[in-house]
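A.B. asks: Could you look at this predicted model? Sequence included:
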Amino acid sequence: MTAFYCDRQPWGLTAKSFITSISLKPPVISVCVAQTGHVFPTLVASSSFVINIVAADQQDLALHFAINFENRFDGTTWQVAPNGAPLLPSAAAPQKCSVHKRIDGEDHEILLGLEETR
């Protein structure tokens with residue numbers, strides 16, 4: 001999952017929760033993000049994000065974004081998606097989303113993203 005912070009610094013994480021399809025029309029997905037994580041303030045400030053779904057043979061990429069260090073984009077090829085969020089072009093299935101709704105889930109936030117089909 002990738003997004004820009006308000007200073008246009010890219011941030012990303014490997015989601016430990018399962019990303020779930022909530023609705024087909026309109027296409028809405030959900031992801032749960034720990035409120036204690038380093039990336040959480042970025043997601044609170046962002047209106048768009050990308051779920052970069054990786055294939056089984058892309059485990060190294062998933063692990064790279066799971067490691068707890070300051071800039072997970074160092075050494076990673078990325079570009080700006082049409083929705084304005086950072087996108088990993090090597091991801092098997094990037095899902096570009098705008099924030100549809102945020103739901104308090106105690107120590108996590110349930111982030112609903114409206115998938116952009118363009």
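C.D. replies: Now that the structure is in, tell me what you want to look at. Numbering: from 1, shown residues only.
A.B. asks: Just the buried residues of the helix or strand where His100 lies, please?
C.D. replies: If you go by DSSP states H and E, His100 is part of strand 93-105. Within strand 93-105, the residues that count as buried by 16 or more other C-beta atoms under 10 Å are 94-97, 99-100. In this view, the C-beta of every residue, glycine as well, is placed from N, C-alpha and C.
A.B. asks: cool, stretch 52-65 as well?
C.D. replies: 52-54, 58, 61-62, 64-65.
A.B. asks: do the same with stretch 21-30
C.D. replies: 27-30.
A.B. asks: again, but for stretch 12-21
C.D. replies: Those would be 12-15, for stretch 12-21 by 16+ other C-beta under 10 Å.
A.B. asks: thinking again about what came up before, ok, the buried residues of strand 93-105 vs Ser47, which is closest?
C.D. replies: Using C-beta to C-beta, Val99 comes nearest to Ser47 of the buried residues of strand 93-105, at 5.3 Å.
A.B. asks: Is the closest one bridged to anything, and to what?
C.D. replies: Beta-bridge partners recorded for Val99 (DSSP bridges): Gly113.
A.B. asks: I'd assumed Gly113 was in contact with it.
C.D. replies: Yes: Val99 lies in contact with Gly113 (C-beta atoms under 8 Å); the separation is 6.4 Å.
A.B. asks: Which residues are in contact with each of those two?
C.D. replies: Shared contacts of Val99 and Gly113 (C-beta atoms under 8 Å, 6 or more residues apart in numbering): Phe49.
A.B. asks: Report the contact partners of the residue nearest to Phe73 when sequence neighbours are not counted.
C.D. replies: Excluding the flanking residues, the one nearest Phe73 by C-beta to C-beta, 6 or more residues apart in numbering is Pro10, at 4.9 Å. The contact partners of Pro10, taken as C-beta under 8 Å, 6+ apart, are 2-4, 73, 78, 86.
A.B. asks: cool, Thr36 as well?
C.D. replies: Here Thr36 is in contact with Asp107 (C-beta under 8 Å, 6+ apart).
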